[in-house]
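S.K.: what's the 3D shape of this:
(one chain, ligands or ions: 1)
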Amino acid sequence: MIYLDYNATTPVAAEVLSAMLPFFTEQFYNPSSSYPEAQAVAAAVAESRKLVADLLGTTSDQVVWTSGGTESNNWAIQGSLTYWHGKRRRILVSAIEHPSVAETVRLLASDGVDVKFIPVDSHGIVRMDVLDTLLDERTALVSVMLANNEIGTIQPVADIAQRAHRVGALVHTDASQAVGKIPVNMSLLDVDLLTVAGHKLYAPKGIGALVFKAGLDFPAGFRGGAQERGRRSGTENVAGIVGLGRAAALAHEWFREKGPTTQRALRNELEHHLQQEIPQCHIFGQQVPRLPNTVGLAIEGWVGADLLSLCPDLRAGTGSACHSLTDEGSPTLRAMGMLPALARGLIRLSLGRQTSSAEVLTAAQLLARAVQTKPKSL
Ligand SMILES: Cc1ncc(COP(=O)(O)O)c(C=O)c1O
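M.R.: Numbers count the residues shown, from 1 in each chain. I've put the predicted structure just below:
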């Protein structure tokens, strides 16, 4: 079986797992307790916080643990309204956000919040000209993902932040797909809030972080026992936190070893095979900055899920598993102006740090064979 769905989730790295294991058993103590054994656990949590902060070019104080990308995104968006105490009620998000952003703002819109979706161009990049027309002193928050989960396009978040800050708005970026794949630096991006999802970078599921700009007095996520200095109450997921810290250190090491460059070359190899063997294959976002591991493609005349069902040895993502003609297909491709017939065809191949040249070649061959041997599904 060839797994090319690392944007869906990654395995827990061996070093991550072994760092975590003691915190389930002999080091089970509550880090809020005052005796020495518990304080050793608190020290491990602090060390992880420093590792995550180092990866993101910030300081430990700014990192708050959450249960993952979804919670961080919900908190950033809902908290931004509380932050402004009703003085600002407009939220701008890109048209290609993950559902944990898009559904959250839709719910707020149904409650009367002024939500606007910023369109993207045909390459999947936010339309800055439209952003400028939507930004004004009513804007509470601009939330634009750093890297898209479906096709991997990287948004000009630093530029977006600069424009949004001119009108005093807060800026959030969902960096769930970017952290661990490309270097991400809080100060360079100059965002106020940044989302991290552990299971996208070889840490376990159910751990993540919301990272704040220094000095931002943001409303608490959960109230209770005042863990995380009151910002997010609840007894810490210590093993998960230790895992995320170790995963951050591994990501740092991978960057130092030029991992993204090697991965990009392998991804390009995969795209080359695909384009050679399947002439009717469209690859999205090739002309703009993109994650080094992601290929978002569609093959004319095929629903993505149908094609993958003919490749039982390949694990990949699709924009939509639905076959009905009313299904609009991948929301990202639709926002980019693709017709539903093509948007229903999205297949996402996403590489991991261990993916080999042989695997990408076989994946391209499996897809090419499926296209040749069966009639189209549309
Ligand atoms: C861009 C993006 N944001 C948020 C999430 C949600 O993260 P989690 O699964 O940790 O809740 C994902 C997961 O697929 C994602 O790709």
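S.K.: of all the residues in the stretch 101-250 of the chain, which ones are close to the ligand?
M.R.: M145, N149, D174, S176, Q177, A197, H199, G208 (Cβ under 6 Å from any ligand atom). Yep, even glycine has a C-beta here, placed from its N, CA and C like the rest.
S.K.: The second one contacts A178, doesn't it?
M.R.: Pointing back at N149 there. No - N149 is beyond contact range of A178, at 10.1 Å (criterion: Cβ atoms under 8 Å).
S.K.: ok, back up a step: farthest-separated two in the residues of the stretch 101-250 of the chain next to the ligand?
M.R.: Within these, two members stand farthest from each other by Cβ to Cβ: M145 and H199, at 16.7 Å.
S.K.: Looking at these two, which one has more neighbours?
M.R.: M145 (26 against 23; other Cβ atoms under 10 Å).
S.K.: Am I right that that one is in contact with I96?
M.R.: Yes - under the criterion of Cβ under 8 Å, M145 makes contact with I96 at 7.2 Å.
S.K.: circling back to that earlier point, kindly reformat the residues of the stretch 101-250 of the chain next to the ligand as CSV and extend each row with secondary structure.
M.R.: Formatted as CSV, those follow (DSSP: H, G, I helix; E, B strand; the rest coil):
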residue, secondary structure
M145, coil
N149, coil
D174, strand
S176, coil
Q177, coil
A197, strand
H199, helix
G208, strand
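S.K.: Give the ChimeraX command for selecting the buried subset of the residues you listed.
M.R.: What follows is the ChimeraX syntax for the buried subset of those, where burial is set by 16 or more other Cβ atoms under 10 Å:
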select :145,149,174,176,177,197,199,208
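S.K.: out of the residues of the stretch 101-250 of the chain next to the ligand, who's nearest G301?
M.R.: Nearest member of these to G301, counting by Cβ to Cβ, is N149, at 24.8 Å.
S.K.: Just give the nearest non-adjacent residue to the residue of the stretch 251-378 of the chain found nearest the ligand, would you?
M.R.: Nearest to the ligand in the stretch 251-378 of the chain, going by Cβ to the nearest ligand atom, is G317, at a distance of 9.5 Å. Excluding the flanking residues, the one nearest G317 by Cβ to Cβ, 6 or more residues apart in numbering is R348, at 3.8 Å.
S.K.: E271 is in contact with Q286, correct?
M.R.: Yes - the pair Q286 / E271 is scored as a contact, 7.5 Å apart, by Cβ under 8 Å.
S.K.: What segments of this structure are helices?
M.R.: Per DSSP state H, the chain carries helices over the ranges 14-20, 36-55, 69-83, 99-110, 128-134, 157-166, 186-189, 238-256, 259-277, 304-309, 331-335, 340-343, 357-373.
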